[in-house]
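J.: got a sequence here, can you model it:
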Amino acid sequence: MENWNKRVKRTCVGVLLLAILLRLGGSGPMAAPEAESAAAFFLYLQTGRVARPGEEMVSPAVTIPKETQPTTVFTFPTAPLDGGPLSFEASEAESIEIKNGGTYEPDLGSLLEAPVNLDFSGEDPRVLIIHTHATESYTIEPGWEYTASSDYRTLDPEYNMIRVGEAMTRILEEAGIPVIHDTTLNDYPSYNGSYDRTRENIERYLEQYPSIQMVIDVHRDAVELLEGGQMATSATVNGKPSAQVMLVMGTDEGGLTHPNWQDNLSWALKLQVEMERQYPGLTRPMSLRPERYNQHATPGSVLVEIGTAGDTLQRAILASEAFAHTLVTLIQGLGLR
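T.: You can find the predicted model right below:
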């Protein structure tokens, strides 16, 4: 009963906060994650932590020593792939489940068949891995304990999204694809404005490295169960238990400029299909949203949710490696490198 009372109080205060935000901010900024007002509201409802606007952002860069990372067990094909180059048929779009949060109804078959205008060749950086919500973490398990900064969050890069991004980076680099892994904690100390800070970092990288073709924003999902606790996902990768992967794709429906959103979606659809070819059951339904999630930066940008808060880090790492291995297969199979 005490927990229920706390939730009721938290919800009431949250509604008041949202009303104030709407009153002060007008209708426009609420349509985009860059504004973060709605995100702060739902963060409060979920965790009880208030994301205070105007807090100064200090994001220390952190890295995980390469020597502490295991060598991947994945193998990489050399072109041409067995069976020839990859191809996609419009009929395969029927197998893709989309959770549509907007009103757009894109032609998935045509987008799946559309050619890809990305170039992953050369020695300059081609992929940028970044974390809008870097402090997100997973369910603690024996031997993988960490100090939480709040519920399912930690500043320890060995146990938050930095570790997941590092596993992904390792796979891509071992396949010869130049990667930049940005380890900035864009959501610490302030959750407010994290998408804005991520966008600023992306813009700086693109100015310095115009060769970047793809920006991968790596998150984990969180789904609270009615009976309490967090939902976990389940898949199998190379005979081992794994978390699942969900692609979240933005559009311009929310009012922000995003002229190439269908190019991003075309690329994501191919990733979705190829993940299921390689690892059946690895993917969750793709989420199509009115927000753009900074995906206007490059035609190859995606937001990927690796597991949920109910999953363990070990399963999330395996899922991230499977995602990265699929990306390598897609790049090589389409002759993009």
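J.: from now on I want contacts and neighbour counts done on CA atoms only, so please keep to that.
T.: Noted.
J.: quick one, phi/psi of residue 304?
T.: phi -120, psi 130 (degrees, to the nearest 10).
J.: dump the residue contacts of it.
T.: By Cα atoms under 8 Å, 6 or more residues apart in numbering, residue 304 lies in contact with 216-220, 245-248.
J.: most neighbours, which of those residues?
T.: The most neighbours of any of those, using other Cα atoms under 10 Å, belong to residue 245, which has 29 neighbours.
J.: ok, it touching residue 283?
T.: Yes. At 4.8 Å, residue 245 counts as touching residue 283 under the criterion of Cα atoms under 8 Å.
J.: just to revisit the earlier point, is it possible to get JSON lines of the contacts of residue 304 that adds pLDDT and secondary structure?
T.: Listed next are the contacts of residue 304 as JSON lines, based on pLDDT from 0 to 100; DSSP: H, G, I helix; E, B strand; the rest coil:
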{"residue": "216", "pLDDT": "98", "secondary structure": "strand"}
{"residue": "217", "pLDDT": "98", "secondary structure": "strand"}
{"residue": "218", "pLDDT": "98", "secondary structure": "strand"}
{"residue": "219", "pLDDT": "98", "secondary structure": "strand"}
{"residue": "220", "pLDDT": "98", "secondary structure": "strand"}
{"residue": "245", "pLDDT": "98", "secondary structure": "strand"}
{"residue": "246", "pLDDT": "98", "secondary structure": "strand"}
{"residue": "247", "pLDDT": "98", "secondary structure": "strand"}
{"residue": "248", "pLDDT": "98", "secondary structure": "strand"}
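J.: first-to-last residue distance for stretch 203-215?
T.: End-to-end distance for stretch 203-215, by Cα to Cα, to the nearest Å: 11 Å.
J.: buried sites along it?
T.: Under the neighbour-count criterion of 16 or more other Cα atoms under 10 Å, stretch 203-215 has 205-206, 211-215 buried.
J.: can you tell me which of those is closest to residue 122?
T.: Proximity of these to residue 122 (Cα to Cα) peaks at residue 211, which lies at 8.8 Å.
J.: confidence score at the closest one?
T.: pLDDT for residue 211: 98.
J.: now swap in residue 85 and tell me
T.: 89.
J.: skipping its backbone neighbours, what lies nearest it in space?
T.: Excluding the flanking residues, the one nearest residue 85 by Cα to Cα, 6 or more residues apart in numbering is residue 333, at 4.9 Å.
J.: residues in contact with residue 274?
T.: With contact taken as Cα under 8 Å, 6+ apart, residue 274 is in contact with 326, 330.
J.: any idea how far it is from residue 281?
T.: From residue 274 across to residue 281, the span is 11 Å (Cα to Cα).
J.: ok so, going back, including secondary structure, could the buried residues of stretch 203-215 go into CSV?
T.: Below are the buried residues of stretch 203-215 laid out as CSV (DSSP: H, G, I helix; E, B strand; the rest coil):
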residue, secondary structure
205, helix
206, helix
211, coil
212, coil
213, coil
214, strand
215, strand
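J.: helix or strand with the lowest mean pLDDT in the chain?
T.: Taking mean pLDDT, DSSP states H and E as the measure, helix 37-47 is the helix or strand of the chain with the lowest mean score, a mean of 40.
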